[in-house]
Every structure is written in C-alpha cells, then in structure tokens.
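> Got a predicted structure plus its sequence, pasted below:
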Amino acid sequence: DTAVSQTPKYLVTQMGNDKSIKCEQNLGHDTMYWYKQDSKKFLKIMFSYNNKELIINETVPNRFSPKSPDKAHLNLHINSLELGDSAVYFCASSQDVGVDNEQFFGPGTRLTVL
Amino acid sequence: AQSVTQLGSHVSVSEGALVLLRCNYSSSVPPYLFWYVQYPNQGLQLLLKYTTGATLVKGINGFEAEFKKSETSFHLTKPSAHMSDAAEYFCAVSRGGSNYKLTFGKGTLLTVNP
C-alpha cells in the first residue's frame, strides 16, 4: 500500500492554464504539506494543513490554492500557470504538527509549463 | 530565522570508502536537525533526526550523524559506501516547539563508484 500518493505523476501544460494536483495519505496522519522542488533541487515548503485547517502559508502567489476536503487529502490547484511554476511538487504528511514527527513524502508530481 | 548550508553539492566516493556529507546550521534557538535521502525519481525519506539527548544519532542503512553545538554542525557519515547509497541527501533544520516548519539545505548528490 502506498502511504502518500499523488496524481498525476507528470503534468505537461500550456502557460495560462489551470491545473490541479491531488494528494492522499492512508497513514491516518493529521498534518499534510505541499513542497516545491525547483530545477536545482532546492526544496521549499508552500503550505501545511492540520486537521483540515491551514497552518503554514509561505510566500506563495495567490494563484496557488490548497484545499483539504478531509484529513486524508490535500489538493493543490494552480491558476494561470506560468513558466516559473515548472518544478516537482511533493506532498507529505506527518502524525501531527510536532517538529519531531517524521514527514512522509509522496513520489512527487513533475509539472512542466510550456 | 534558521538556515542550513550543505558544503559540496556533489560528493563522489568509491564503493567501500567512508561517506562524509557536511551540514552546518544557523538557528537562534536549539535546533532540531534531520537528514533526508531522495533516490532518483522518488520522494524524500527520513534517514535520521536529532531532537534532544544523545548527540550521536544512528539512522537507517548504516548512516549516523553527530550534533556538534560548538561547531553548529550535523555531518552525516557512513563507514563504508555501497552502490545503493547513490542518491541526493538533504539536511534540514527546525526550531522546535510550535515551529514545526522544516528548512532544507540545497542538497548533496552522492555518487558511488565501483
């Protein structure tokens, strides 16, 4: 069983389009995250939700909107895609917000904006 | 603010040789420190973490790291490299307490030569 899954694995789209990435975890965790990994492998947190509530919202363009319909899901919707949005997006989850809780990462979604 | 510096974006070793990946951190409060590994086309996996207590931390796959407060370092070592260790390694820091946000270094690519 996959602990943290993301769909799609690859996403190629044109500038200006709107797209969504879905994330699901079957670990029973309370906290979920979205990270962006750029072409130089630099990994930065974007958002975090705990029990469906937004708790971390980094300096991210408001074209990015996370949505958590329940504790097991955290989706990322991106409006008006730009070239600079091309990256690998990782979803992660942890038992709760405590810093010593291990974060479990999904396999990533490689987004390419043409 | 906290930050992480990983010295050397690429480290190459021979199979059986010592692996040493360097990480220095900056934090205004006692840090929580982590090493994650990313195999090609996969998400990140926790190798080990330091929160409190013993400063020498053992992780999975024979890796260990030592927290040295005086040197603000948390270097990762493995006595004998294996081909399967080839991957990208990320050091991360968090301030602990209610600040559960991980700040990652830029990663070190480890290649293992036969």
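Nice, I can see it.
> from here on, contacts and neighbour counts on C-alpha atoms
Will do.
> And the residue nearest the centre of chain B?
Taking Cα atoms, centre = their mean as the criterion, B:Trp35 is the residue nearest the geometric centre of chain B, at 3.4 Å.
> can I assume that residue is in contact with B:Ser94?
No: with contact defined as Cα atoms under 8 Å, B:Trp35 does not count as touching B:Ser94 (11.8 Å).
> Which parts of chain B are strands?
B:3-7, B:10-14, B:19-26, B:32-38, B:44-50, B:56-58, B:64-68, B:73-78, B:87-94, B:103-104, B:108-113 (DSSP state E).
> Check which helices and strands the helix or strand of chain B with the lowest mean pLDDT is in contact with.
Taking mean pLDDT, DSSP states H and E as the measure, chain B has strand B:103-104 as its least confident helix or strand, at a mean of 90. If contacts are counted by 3 or more Cα pairs under 8 Å, 6 or more residues apart in numbering or on different chains; DSSP states H and E, strand B:103-104 sits against strand A:43-50, strand B:3-7, strand B:87-94.
> can we see that at 7 Å?
The helices and strands touching strand B:103-104, judged by 3 or more Cα pairs under 7 Å, 6 or more residues apart in numbering or on different chains; DSSP states H and E, are strand B:87-94.
> What sits closest to A:Trp34 if chain neighbours are left out?
Spatially, and ignoring its direct neighbours in sequence, A:Trp34 is nearest to A:Cys91 (4.7 Å; Cα to Cα, 6 or more residues apart in numbering or on different chains).
> next one: A:Leu76
Residue nearest to A:Leu76 in three dimensions, not counting chain neighbours: A:Pro66, with 4.5 Å by Cα to Cα, 6+ apart.
> Helix, strand or coil: sort out the one you found for me.
strand (DSSP: H, G, I helix; E, B strand; the rest coil).
> Next one: the spatially closest residue to B:Thr5 that is not a sequence neighbour relative to A:Asp38, how far apart?
The shortest distance from B:Thr5 to any residue other than its chain neighbours is 5.2 Å, reached at B:Asn24 (Cα to Cα, 6+ apart). When Cα to Cα, to the nearest Å is the yardstick, B:Asn24 and A:Asp38 sit 22 Å from each other.
> And for A:Ile55?
Going from A:Ile55 to A:Asp38 by Cα to Cα gives 23 Å.
> rewinding a little: wouldn't the residue nearest to B:Thr5 be in contact with B:Phe74 here?
Yes: in terms of Cα atoms under 7 Å, B:Asn24 counts as a neighbour of B:Phe74; the distance is 6.2 Å.
> Between the two, point out the one with more neighbours.
When neighbours are counted by other Cα atoms under 10 Å in any protein chain shown, B:Asn24 and B:Phe74 differ, and B:Phe74 comes out ahead with 30 against 20.
> so what's the more buried one bridging to?
B:Phe67 (DSSP bridges).
> Contacts only, for it.
For B:Phe74, the set of contacting residues under the criterion of Cα atoms under 7 Å, 6 or more residues apart in numbering or on different chains consists of B:Cys23, B:Asn24, B:Ala65, B:Glu66, B:Phe67, B:Lys68.
> and which of those is nearest B:Pro79?
Distance to B:Pro79, by Cα to Cα, is smallest for B:Ala65 among the contacts of B:Phe74, at 11.5 Å.
> still on that earlier bit, okay, the strands of chain B, which one's buried deepest?
Counting by mean count of other Cα atoms under 10 Å in any protein chain shown, strand B:87-94 has the highest mean neighbour count of those, with a mean of 26.
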